[in-house]
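Colleague: Dropping a prediction and its sequence here:
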Amino acid sequence: MAAEAETMIRDYSWDTFTNHELVSQPRNLTDYGANTPVIGDDVYPDSMTLAWNCMENKLVQMLSEYLVRKRNEALQSRYHLLLRLLFQIESETDSRDPFPAPGDILTDPRIEALIWDTPYDKRLGDSLCKSKLLEYLPSIIDEWRPAKIQEVLEILRTGRPSATVSDLHLATSVFACSSCTVKALHYPQMFYHRCCHQRSLTSSRSDHCLDVYVPFWFTKRPLGHWMSSTLVYNDSGSQDIKKVIEACNLDPETTTVDDLHLANPLIECLSCKTHGRRHFMRWPYLPIQHMGHSFQVNSFDTEMTQILAREIPSHDRKAICCAHCHETFGLKTFELHAGVLGIDCDTLTTDLLHIRKHLYWNSRAIVPGSSRPFVYVKA
């Protein structure tokens, strides 16, 4: 213990000790202990022994708290660095492929060892941490993704017992969150839904380690493990979407979310019509805000021009992704990016296959779509 204390004292600020109330006292030096050396007529207390004899257990407690604080500062700095790099890496991946939650990655034994087993006084730089993440992520994803997709599939089978993995992509495969007001999640949106990113309440070492980065827990980005416990199959939402698909002359058994985005039907909620105010939206908003309501689809021939003039374009700057680099864009800013890539923007508005080749809706967006709900009042 004495050797450990000496090490802690050397690492600690000397002024902190000499000015401490247990050391800086008007007492005879001989009171400090029998080990105080005497040379001639003068007494020269050994500073280490003097400090140790005066502070004893309180010294150990104070220094221990200091070391814990310094350790946690180093660990939190590492968690913060890894999270920043992790979000950067994630932003460069295809959002259509489920990506592990931060908690699932940070509790991987190899990542944990990097954070906890590296000496606390050693700085971990961006280059080293990013190289380690890129090295470990493929195997983490290969293990995590199939297991979590299977969990979602089992939830879908509560409403469709014969469903397969390919059915997750259907527009009629609608999920809801039992923990919040979100009633329409399509695959793979649930993998980015905040309520599904939770703290794992186990007694494992990994979860104790995560206590260190609790200060980062409540941020704009969910940082927990991904869990399916709040997901349920939304049969009512599925039936509403089925009606929309049929109104577009498409097959509900084969129409995917991507197909419905390309069809982009205009919907009027008849249940919300009041005093001549008619409520319109594109399909993603139907199960979100108008579930179970009466509605009609693409049946506005005589007034279509006037109605579309009132439509409000989406201002979400991350609504769509480039299929080549996966960078996120708004509908307008993608045209500039497309020009840089040499993509014919005129073709993007007419050739559906060309659209699929170059862009896709961002599954990480709250409501991916080309416009927001709007009200039309006939003049």
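Modeller: Perfect, thanks for sending it. Residues are numbered from 1 along each chain as shown.

Colleague: Now do the SS call for residue 273.
Modeller: strand (DSSP: H, G, I helix; E, B strand; the rest coil).

Colleague: hey, what's the nearest residue to it once chain neighbours are set aside bridged with?
Modeller: Distances taken as C-beta to C-beta, 6 or more residues apart in numbering put residue 279 closest to residue 273, at 6.7 Å, once the chain neighbours are dropped. Every C-beta, even on glycine, is put in place using the N, C-alpha and C of the backbone. Residue 279 has these beta-bridge partners by DSSP bridges: residue 269, residue 375.

Colleague: Just list the residues touching residue 279, thanks.
Modeller: 268-269, 272-273, 290, 373-375 (C-beta atoms under 8 Å, 6 or more residues apart in numbering).

Colleague: Out of those residues, flag the one nearest to residue 71.
Modeller: Distance to residue 71, by C-beta to C-beta, is smallest for residue 373 among these, at 51.1 Å.

Colleague: Hmm, the closest one is touching residue 280, no?
Modeller: Yes: counting by C-beta atoms under 8 Å, residue 373 does reach residue 280; the two are 6.8 Å apart.

Colleague: if we can go back for a sec, which among the contacts of residue 279 gets closest to residue 91?
Modeller: residue 373 (28.2 Å).

Colleague: and that closest one, how many neighbours does it have?
Modeller: Neighbour count of residue 373, defined by other C-beta atoms under 10 Å: 20.

Colleague: Tell me who's in contact with it.
Modeller: By C-beta under 8 Å, 6+ apart, the contact set of residue 373 is 279-281, 285, 289, 312.

Colleague: show me where pLDDT drops low in the stretch 201-350 of the chain?
Modeller: 201-222, 314-316, 331-332, 335-336, 338-350 (pLDDT under 70).

Colleague: for it, what spans make up the strands?
Modeller: Residue ranges of the strands in the stretch 201-350 of the chain, as given by DSSP state E, counting those that start in this stretch, are 225-226, 231-233, 266-274, 277-282, 295-297, 312-313, 320-322, 328-329.

Colleague: Quick one, which of these gets closest to residue 358.
Modeller: Checking the strands of the stretch 201-350 of the chain against residue 358 by C-beta to C-beta gives strand 320-322 as the closest, at 7.1 Å.

Colleague: What helices and strands are in contact with the helix or strand encompassing residue 150?
Modeller: Under the criterion of DSSP states H and E, residue 150 resides in helix 126-156. Applying 3 or more C-beta pairs under 8 Å, 6 or more residues apart in numbering; DSSP states H and E, we find helix 126-156 packed against helix 47-91, helix 102-106, helix 109-116, strand 175-177, strand 231-233.

Colleague: 10 Å instead, please
Modeller: Other helices and strands packing on helix 126-156, by 3 or more C-beta pairs under 10 Å, 6 or more residues apart in numbering; DSSP states H and E, are helix 47-91, helix 102-106, helix 109-116, strand 175-177, strand 225-226, strand 231-233.

Colleague: What distance do you get for the closest residue in space to residue 192 that isn't next to it in sequence to residue 149?
Modeller: Distance criterion C-beta to C-beta, 6+ apart; nearest residue to residue 192, sequence neighbours excluded, is residue 364 at 4.6 Å. From residue 364 across to residue 149, the span is 17 Å (C-beta to C-beta, to the nearest Å).

Colleague: Kindly report the same for residue 265.
Modeller: 28 Å.

Colleague: Next, give phi and psi for residue 373.
Modeller: Torsion angles at residue 373 (phi, psi; degrees, to the nearest 10) stand at phi -60, psi 150.

Colleague: per-residue pLDDT, it?
Modeller: We have a pLDDT of 82 for residue 373.

Colleague: re the thing from before, what's the least confident stretch among the helices and strands packed on helix 126-156?
Modeller: Lowest mean pLDDT of the helices and strands packed on helix 126-156: helix 47-91, a mean of 78.

Colleague: Residue 139 contacts residue 111, doesn't it?
Modeller: No: applying C-beta atoms under 10 Å as the test, residue 139 and residue 111 come out as separate, 11.4 Å apart.

Colleague: Neighbour count for the two, which is higher?
Modeller: Higher neighbour count among residue 139 and residue 111: residue 111, with 22 against 11, using other C-beta under 10 Å.

Colleague: if I pick that one, what's in contact with it?
Modeller: Neighbour list for residue 111: 78-79, 82, 86, 105, 129, 132-133, 136-137, 140, 206 [criterion: C-beta atoms under 10 Å, 6 or more residues apart in numbering].
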